[in-house]
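In: Here is my input; please provide its structure:
(2 chains)
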Amino acid sequence: AQSVAQPEDQVNVAEGNPLTVKCTYSVSGNPYLFWYVQYPNRGLQFLLKYITGDNLVKGSYGFEAEFNKSQTSFHLKKPSALVSDSALYFCAVRRYSGGGADGLTFGKGTHLIIQP
Amino acid sequence: ETGVTQTPRHLVMGMTNKKSLKCEQHLGHNAMYWYKQSAKKPLELMFVYNFKEQTENNSVPSRFSPECPNSSHLFLHLHTLQPEDSALYLCASSQDHGGTYGYTFGSGTRLTVV
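Out: Below you'll find the model as predicted:
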């Protein structure tokens, strides 16, 4: 079975500093990896995904993520944090259901707080 | 708007009521999903539909009954719910069954069972 771990419940970063939100995964076969962001009382917004190709994936709002196969990690990064980046971030991996549509398995989420 | 619309946005219902959640997508996607998001728990996949056929029921209690009349619409019928069913219910869709092109989520329905 697939699983995703986000080891930090909360990450605090000063505005303008680089940020990293950690994610590790466990999956059989090649992983399809995703990052989503959720603002209060809203649904999930897609940030970026890794399917194949370059290990460094660039996404929305200046975010990027680095796929590391040997460490089974897919950490989310941004060079300079904004207060508006404060939200709940989810890492997810494609499920393999053996037929039909697969859906996603999510980590528990990490609250990112950017301090002015 | 993401292209996936969920109604209502908020719903309060008693344990003996019957209500339905609606999801509609105008993206031409073939697969649709229901997720449950409870406080302090990871998102849980509830149901999966591919070309309007249910392909997965992730051990969901029978008080939740999904319906997918076509590839653009997905319903979640609710009856005799429990207070622990209070959560944010999210609908999602994908162009293909494997999510190669990603998954698009709606804004969710905040359900409170009293």
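In: where are the low-confidence patches of chain B?
Out: B:1, B:97-98 (pLDDT under 70).
In: Find the closest residue to chain A in it.
Out: Closest residue of chain B to chain A, CB to the nearest CB: B:Thr55 (2.6 Å). Placement of C-beta: from N, CA and C, glycine included.
In: That residue against B:Tyr49, yeah?
Out: Yes. Counting by CB atoms under 8 Å, B:Thr55 touches B:Tyr49, with 6.7 Å between them.
In: ok, the two, which is more surrounded?
Out: B:Tyr49 (22 against 18; other CB atoms under 10 Å in any protein chain shown).
In: Any figure for the gap between the more buried one and A:Gly43?
Out: 18 Å (CB to CB, to the nearest Å).
In: what does stretch B:94-105 contact?
Out: A:32, A:34, A:36, A:43-46, A:49, A:51, A:94, A:100-104, B:2-4, B:25, B:27-31, B:33, B:35, B:50, B:90-93 (CB atoms under 8 Å, 6 or more residues apart in numbering or on different chains).
In: So which residues on chain A come close to chain B?
Out: When proximity is defined as CB under 8 Å from any CB of the partner chain, chain A approaches chain B at A:32, A:34, A:36, A:41-46, A:49, A:51, A:90, A:94-95, A:97, A:99-109.
In: Which among those count as buried?
Out: A:32, A:34, A:36, A:43-46, A:49, A:51, A:90, A:94-95, A:97, A:100-109 (16 or more other CB atoms under 10 Å in any protein chain shown).
In: Which of these fall in strands?
Out: Of these, the ones assigned to strands by DSSP state E are A:34, A:36, A:44-46, A:49, A:90, A:94, A:104-106.
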